[in-house]
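Engineer: Show me how the following folds:
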Amino acid sequence: MILLERASVEDAALFAALEQAPDTREFILPYSPSEHVQKMLDPHLMYLRILKDGELAGFFILARDPDASSIEFRRIVVSAKGRGVGQSAISAMERFCREELHRTRIWLDVFEHNIRGRHIYEKLGYKRFGESDHEGGRLWLYEKNL
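Structural biologist: Presented below is the predicted three-dimensional model:
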């Protein structure tokens, strides 16, 4: 069973370590523990711990958009890939955004070369709505109305 709970600055080193996995770091721009702490203190950002059977299985970073109806799904990192944890966690995060944050739209960007991520987002109903560039990489933009 997947549960989400708000993270704290004490989680920063664990999150930074999760980002260093070879099958993770090629798809994100990893942060140091101090960068995670700094971002956790930003009132517009929200970190959520992903728990599977009571154990830390990953985390989300969400950013509240100023329009009060959208949320940016900035990052998901899971420790065990290919086991459905990420997909279940995304569904739980969508419920959290709808029920707790009263948001009606989630959007994200994903590197073009992240085939697995794009497949999962599309499978979960996210629709591509644009493209962007970031530090020499091509990003695809996706959204989902809740």
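
Engineer: Surely residue 58 is within a helix?
Structural biologist: No: Residue 58 is assigned strand when assessed by DSSP: H, G, I helix; E, B strand; the rest coil, not a helix.

Engineer: if I read this right, it contacts residue 76, doesn't it?
Structural biologist: Yes: between residue 58 and residue 76 there is a contact under CB atoms under 8 Å: 6.6 Å. Any C-beta I mention is one placed from the backbone N, CA and C, and that applies to glycine too.

Engineer: what residues does the lowest-mean-pLDDT helix or strand in the chain touch?
Structural biologist: Least confident helix or strand of the chain, by mean pLDDT, DSSP states H and E, is helix 22-25 with a mean of 87. Contact partners of helix 22-25, identified using CB atoms under 8 Å, 6 or more residues apart in numbering, comprise 18-19, 30, 77, 81.

Engineer: all strands of the chain, in order?
Structural biologist: 2-6, 45-52, 55-64, 70-78, 105-111, 127-134, 137-145 (DSSP state E).

Engineer: can you redo those strands as TSV with distance to residue 118 and mean pLDDT?
Structural biologist: As requested, these are exported to TSV (distance: least, CB to CB, whole Å; pLDDT from 0 to 100):
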stretch	distance to residue 118	mean pLDDT
strand 2-6	22	97
strand 45-52	20	98
strand 55-64	18	97
strand 70-78	13	97
strand 105-111	6	96
strand 127-134	8	95
strand 137-145	6	95
